[in-house]
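Visitor: turn this into a structure:
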Amino acid sequence: MSKFQEHIDISGFSIQKIDVSQLEDILDWLPKNGAFDLNIAEEGLVKVLHAENTCQEIIAKLDRYIGAKESEKSQAWANAALKKAKAEGYTTAKDKEWFASADSDYVTVVNEITLARTAKKWFENKADYFRNWHYAFKTFLKRDYSLEKLGNTSDLGYNVDTLEDPRPMRKHDLGGDIEW
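Guide: Have a look, this model is predicted:
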C-alpha cells in the first residue's frame, strides 16, 4: 500500500538533483513545427499527460520544500538577530535587523528559497506547455475520429437485408468518439 507521505517526502530532496531527462525526451519528441498525424497524436496524448503529471508531482514537492525553507529562513533570521548580533556587540534593534539580514545562514536559506521558487515556476511552465499539447492532440483526435465516422459508409442508414447475405448490416465504428 502506498502512503501519501511517500509522494511528498522531501528528506534528501535536492532541487539540483531533480531528474528532468524524461521531460526532455518528451520535449525532443514533440513535433517542432506543430504538424502531426493520427499516430503521433495518439502517442503524444499519453506522453504529454505523463509529462504533465510528473511536473505536478514535482511541484507538490517543491511547495512543501519552500514551506520548510520559509521556516528555516525565519529561524535563521531570528538566530542572527537575537544571538549572533548580540555576540557581535550590536545593541539597537535596527543594527540587529541589519546584521540578521546580512547573516550568511540567512542569506543561504533565502537563496535556496529563490532557487526553489524558480524551479517551481519552471515546472509550472512545463506543465502548462504539456497541457497545451495535450489539448492540441485531443482536439486533433476528436476531429479526426469524427471525420472518420462521417466517412463510414455503414452509417448511411441503409440496412436492407439481402438474400445473398442473411446477416443484417452492422454499424462498424472504426474510431469512435473517444473522450480522453
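Visitor: and the residue nearest the centre of the chain, what element?
Guide: Taking Cα atoms, centre = their mean, the centroid of the chain lies closest to residue 55, which sits 2.5 Å from it. Residue 55 belongs to helix 38-79 when assigned by DSSP states H and E.
Visitor: counting contacts, what elements does whichever helix or strand comes after that helix pack onto?
Guide: Using DSSP H and E, the helix or strand that directly follows helix 38-79 along the chain is helix 85-87. With contacts taken as 3 or more Cβ pairs under 8 Å, 6 or more residues apart in numbering; DSSP states H and E, helix 85-87 sits against helix 93-102. C-beta here means a position set from N, CA and C on the backbone, and glycine is covered the same way.
Visitor: so for the helix it packs on, mean pLDDT?
Guide: Model confidence over helix 93-102, given as mean pLDDT, is 94.
Visitor: now the helix or strand hosting residue 129 and helix 38-79, what's the angle there?
Guide: Per DSSP H and E, residue 129 falls inside helix 104-150. If you take axes from the mean of the first three to the mean of the last three Cα atoms, to 10 degrees, helix 104-150 sits at 160 degrees to helix 38-79.
Visitor: angle of helix 104-150 against helix 93-102?
Guide: 50 degrees.
Visitor: list the helices and strands helix 104-150 packs on?
Guide: Judged by 3+ Cβ pairs under 8 Å, 6+ apart, the packing partners of helix 104-150 are helix 38-79.
Visitor: apart from its neighbours in sequence, what residue is nearest residue 34?
Guide: Nearest residue to residue 34, sequence neighbours excluded (Cβ to Cβ, 6 or more residues apart in numbering): residue 136, at 7.8 Å.
Visitor: number of nearby residues for residue 70?
Guide: The number of residues packed near residue 70 is 13, by other Cβ atoms under 10 Å.
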